[in-house]
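Asks: have a look at this fold, sequence not included:
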DNA sequence: TAGGGGAGTCGAAGCGCTTCGACCAACCGT
DNA sequence: ACGGTTGGTCGAAGCGCTTCGACTCCCCTA
């Protein structure tokens, strides 16, 4: 491995000069800079990450904690993770992938070892165990998701209350009065991952205004679970004409079952989904949906991290505004 | 941050002794060890990752390059990535997440900076641009996938040829003589990511033995694409009674379309999928399938990396044996 | 009883980089 | 013509850890 000292020697300057060429923290004459850059090229020099981290106490690494769970829709997580990794690179950072398995201990480990300059946490629970540790580790952090107490924390998330309200608005505008919400798996609620509850809150509040009746049912993904849930919904509320689905793994089963039961979408029943665009457009019926902007969330989280590390930090909650796209799965309520 | 020196002082020993307690590279008396460990606890000491990397030239980090593409079935990638991260931790390693975006340059960067001790590459193409760089970087590496030239490389992958053969065997045993293979998106073939081709090779070879006619069609995911492909298949081979599907995003659309066309599964048509277990069990028909052992692949890749880093290395190709599970989507060919 | 050897500990020399203060020259205004 | 800048460069002191050789006991064997 080529070292900075070797580059310095090759270029006929001191080591510090090479360092300053690299960092730009002091002015360097054009001729020296050129010479040094040429030597770097020629020798194929790459700064040693460990040495750099040690000397500067900056690792240029962002740790990303992803959940290990399988009850969440994985593609969204992946999309966020990739967006984080990609935008981190554009800011000169690399991303360390931590799985939920280690739990709160991971926070301690990473903060303690200075392995990462900052952390991004996904799948945040309302009373997340990692938060106290995070707070007094003093490390820069950004959450994707919203805990109960956001004081001193920067959070990025979709505005799920507005999302719920938006869905209701759309259905109400089409004349629907009885709507069922197909929610995430029960475990998601038990864990109090805020987003699912916030959506339902948004739905309920708006529904009350609009004089709409809401039936909310958590539901596992897959056909079997959906069949059971759907049966119970129609038993309880035979007049249901609208569905709001917030469980990607239930979307296709729902459409399929409705079709089997001879309920046409959107003529007899309307369906609004909260899901990534791809799911909405690739489903068997092109779905009216509120998009989950995974990329955007990942990107914004990184930008917040970078801003905080640069001292331009803001401790604030950034809620992305939901956008509802009308497609082929919603229509006027049947008379 | 607490340093090793502070721990040493607190415990009344030298810094090197603390280091040896931590690494176990020299024997330490029980009493000293206890005293040191107690001090570590009490002071909340965590070794500084950068310093450690610098001094030992080992970062305890494994870099994982995941593809950026969206034409691959993402959940499998995610599952592998998580398995890699999780098993890496059990061996004391962390995982750095690199996206394909940087391409070959990432290999150079990571190898050059000694940021990672080893690399795991996913989504390997037959003539992957990253391989030459990898080879002469001299870094430890393991591929998940199989390039054309595996010399000097350790590879882990499912045995896709055997997978294809297994599917054919099963269908042939049930009396099917005309089978269509629904493949991955065309882009996957154009890129020459070996696995898709290898599956088809396996299918073809076995089909010849079994006197079965094969029609292979690449296919994008989603309903629209699948509808077109399916139409063309039945136009060309009206007698088709079996399907082998190697594109998770096409599975559900296929089942749905068959149902709409009044072709019953498995009475009229049999379907074998190559997909993760979850997809097979959650589909509208429980699918006979060959599982893609994502977890296992991730785990084995890490184990190979760890072995190589420990000097117990083996440059070999490890092909996992496919397992076919019979479920409800295959049955005897109609008379 | 002398000598050999292992167990346990320490000191010091780095690992490759950043950064601070110091230094030297050239240049400014007056 | 002279003190004060400013731009450009260097030397040296670490950053916190690992690791090598050296040293000291103490026990075992011949």
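Replies: Great, that's in hand. Everything numeric in this text was worked out from a predicted model, so none of it was measured.

Asks: please enumerate the strands of the stretch 1-150 of chain A.
Replies: Taking DSSP state E, counting those that start in this stretch as the criterion, the stretch 1-150 of chain A carries its strands at A:61-66, A:94-99, A:118-121, A:140-144.

Asks: could you export those strands to TSV, including columns for distance to residue B:96, mean pLDDT and mean neighbour count?
Replies: C-beta: built from backbone N, CA, C; applies to glycine. Supplementary listing: the strands of the stretch 1-150 of chain A in TSV, determined by distance: least, CB to CB, whole Å; pLDDT from 0 to 100; neighbours: other CB atoms under 10 Å in any protein chain shown:
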stretch	distance to residue B:96	mean pLDDT	mean neighbour count
strand A:61-66	8	96	26
strand A:94-99	6	96	25
strand A:118-121	14	97	26
strand A:140-144	19	96	25
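
Asks: which one, of those strands, ends up nearest to chain B?
Replies: strand A:94-99 (4.3 Å; CB to the nearest CB).

Asks: on contacts alone, who are the packing partners of that closest one?
Replies: Under the contact criterion of 3 or more CB pairs under 8 Å, 6 or more residues apart in numbering or on different chains; DSSP states H and E, strand A:94-99 touches strand A:61-66, helix A:74-90, helix A:104-113, helix B:74-90, strand B:94-99.

Asks: in TSV: the ones you listed, plus distance to residue B:219.
Replies: Compiled in TSV, the helices and strands packed on strand A:94-99 are given as follows (distance: least, CB to CB, whole Å):
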stretch	distance to residue B:219
strand A:61-66	30
helix A:74-90	19
helix A:104-113	41
helix B:74-90	17
strand B:94-99	26
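
Asks: let's have these in JSON lines, adding distance to DNA strand D.
Replies: JSON lines is the format used below for those (distance: least, CB to the nearest atom of the strand, whole Å):
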{"stretch": "strand A:61-66", "distance to DNA strand D": "16"}
{"stretch": "helix A:74-90", "distance to DNA strand D": "24"}
{"stretch": "helix A:104-113", "distance to DNA strand D": "8"}
{"stretch": "helix B:74-90", "distance to DNA strand D": "18"}
{"stretch": "strand B:94-99", "distance to DNA strand D": "15"}
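
Asks: out of the ones you listed, nearest to residue B:166?
Replies: Proximity of these to residue B:166 was assessed by CB to CB; the nearest stretch is helix B:74-90, lying at 18.3 Å.

Asks: picking that back up, of the helices and strands packed on strand A:94-99, which is nearest residue B:217?
Replies: Across the helices and strands packed on strand A:94-99, the minimum distance to residue B:217, taken as CB to CB, is reached by helix B:74-90, at 21.1 Å.

Asks: now do the same contact list for the nearest residue to residue A:47 once chain neighbours are set aside.
Replies: Nearest-residue entry for residue A:47: residue B:113, 6.2 Å, with adjacent residues in sequence omitted and distances by CB to CB, 6 or more residues apart in numbering or on different chains. Under the criterion of CB atoms under 8 Å, 6 or more residues apart in numbering or on different chains, the contact list for residue B:113 reads A:46, A:47, A:48, A:49.

Asks: greatest separation within the residues you listed: which pair is it?
Replies: Pairwise over the contacts of residue B:113, using CB to CB, the maximum falls at A:46 and A:49, 8.7 Å.

Asks: those two - which one has more neighbours?
Replies: residue A:49 (25 against 17; other CB atoms under 10 Å in any protein chain shown).

Asks: I figured that one hits residue B:54, correct?
Replies: No - using CB atoms under 8 Å, residue A:49 and residue B:54 do not qualify as a contacting pair, with a distance of 9.1 Å.

Asks: helices or strands up against the helix or strand hosting residue A:250?
Replies: Assignment of secondary structure by DSSP states H and E places residue A:250 within helix A:248-260. Using 3+ CB pairs under 8 Å, 6+ apart as the contact criterion, the elements in contact with helix A:248-260 are helix A:223-236, strand A:242-245, strand A:270-275.

Asks: picking up where we left off before, for residue B:254, which of the helices and strands packed on strand A:94-99 is the nearest?
Replies: When these are ranked by distance to residue B:254, counting by CB to CB, first place goes to helix B:74-90 at 17.8 Å.

Asks: tell me the buried residues in the closest one?
Replies: Within helix B:74-90, the residues that count as buried by 16 or more other CB atoms under 10 Å in any protein chain shown are B:74-89.

Asks: near chain A, which of the residues you listed show up?
Replies: Intersecting the buried residues of helix B:74-90 with the contacts of chain A gives B:74, B:75, B:77, B:78, B:79, B:81, B:82, B:85, B:86, B:89 (criterion: CB under 8 Å from any CB of the partner chain).

Asks: count the neighbours of the residue nearest to residue A:135 when sequence neighbours are not counted for me.
Replies: Nearest residue to residue A:135, sequence neighbours excluded (CB to CB, 6+ apart): residue A:152, at 6.0 Å. Residue neighbour count, defined by other CB under 10 Å, stands at 10 for residue A:152.

Asks: next one: residue A:137
Replies: One way to gauge burial is a neighbour count; for residue A:137, by other CB under 10 Å, it gives 16.

Asks: tell me how far it lies from residue B:59.
Replies: From residue A:137 over to residue B:59 the distance is 21 Å, taken as CB to CB, to the nearest Å.

Asks: over to residue A:80?
Replies: Applying CB to CB to residue A:80 and residue B:59 gives a distance of 26 Å.

Asks: now do residue A:150
Replies: Taken as CB to CB, the spacing of residue A:150 relative to residue B:59 amounts to 34 Å.

Asks: which one's more surrounded, these two?
Replies: Remark: of residue A:150 and residue B:59, residue B:59 carries more neighbours, 26 against 15, as counted by other CB under 10 Å.

Asks: which non-adjacent residue is nearest that one?
Replies: Nearest one to residue B:59, counting by CB to CB, 6+ apart, is residue B:53 at 4.3 Å.

Asks: about what we covered before: just the contacts of residue B:113 now: which is nearest DNA strand D?
Replies: residue A:48 (11.1 Å; CB to the nearest atom of the strand).

Asks: ok, that closest one - how many residues close by?
Replies: Using other CB under 10 Å, residue A:48 has 23 neighbouring residues.

Asks: ok, it - contacts?
Replies: The contact partners of residue A:48, taken as CB under 8 Å, 6+ apart, are A:1, A:3, B:54, B:113, B:114.
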